[in-house]
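S.K.: Have a look at this prediction, sequence included:
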Amino acid sequence: LKNGEGTYVPEEDGTSGGAVFCRNSSPTLSDLIIEDNKAYLAGSLLFENSELTLMNAVVRNNLNDSDVGGGMIGLFSDPLIQNVVFEDNYTGWGGAVYLEKTDGDFINVQFTNNEGEIAGGIFCADGSNPRIINSTFSDNQALMGGSIVCLNNSNPVVINSIMWNPDANEEVFFSPDFAA
């Protein structure tokens, strides 16, 4: 999926999901390369009230025109993201992934060379509690949280994962009461 510019969403007054936009659905996407997309919200994937399954995929070089989710945005959802590479994605908050009131599992996921002003890897907001298992964060860049930023009662669980972002001020930034 390449060179998408999103779906126009009137209530957002802009485009959402450069390549894929899902609302109230349960899609399974596998064996894909999702690259060079852009949108106002979510450079490549936006899912809302959905149970997205994304497997064996590469999400790279996507751009968000607003402030959140260079590679992917999850809102009020419970995704399964497995064997996926997020690389070279860019936005303000959550270079690779932005989650709001979203849980789900990230298993064997690589977050590499993503950039966000806040959170190069994953930005967790408003009670997002993803499980991050056997995953690697490397060479992501951010002014705050090279790997993960957790705000407003978000508590991700990280198991057997590597965080190595030498240019980030800190790997994880956590503030339970800070509202973005």
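M.R.: Done, it's in.
S.K.: Which of the helices and strands in the chain ranks last by mean pLDDT?
M.R.: strand 14-16 (a mean of 57; mean pLDDT, DSSP states H and E).
S.K.: tell me the contacts of residue 55?
M.R.: 28-31, 80-84 (CB atoms under 8 Å, 6 or more residues apart in numbering). C-betas here are computed from N, CA, C, even on glycine.
S.K.: Bridge partners for it, pull those for me.
M.R.: Going by DSSP bridges, residue 55 is paired in beta bridges with residue 30, residue 82.
S.K.: Now do it, the pLDDT please.
M.R.: At residue 55, the model reports a pLDDT of 97.
S.K.: ditto for residue 17
M.R.: Confidence score, pLDDT, at residue 17: 62.
S.K.: what are the ranges of the helices in the protein?
M.R.: Using DSSP state H, the chain contains no helices.
S.K.: Tell me which residue lies nearest the centroid of it.
M.R.: What sits nearest the mean C-alpha location of the chain, by CA atoms, centre = their mean, is residue 97, with 0.9 Å.
S.K.: Residue 86 is in contact with that one, correct?
M.R.: Yes - counting by CB atoms under 8 Å, residue 97 touches residue 86, with 6.7 Å between them.
S.K.: intersection of neighbour lists for those two?
M.R.: Common contacts of residue 97 and residue 86 (CB under 8 Å, 6+ apart): 71-72, 111, 121.
S.K.: Out of those, list just those in strands.
M.R.: Those of the shared contacts of residue 97 and residue 86 mapping onto strands are 72, 111, per DSSP state E.
S.K.: Contact partners for residue 106?
M.R.: So residue 106 contacts 81-82, 84, 122, 130-133, 135 (CB under 8 Å, 6+ apart).
S.K.: Distance check, it against residue 166.
M.R.: The gap separating residue 106 from residue 166 is 22 Å, by CB to CB, to the nearest Å.
S.K.: Setting aside sequence neighbours, what's the nearest residue to residue 20?
M.R.: With sequence-adjacent residues excluded and distances taken as CB to CB, 6 or more residues apart in numbering, residue 20 is closest to residue 45, at 4.8 Å.
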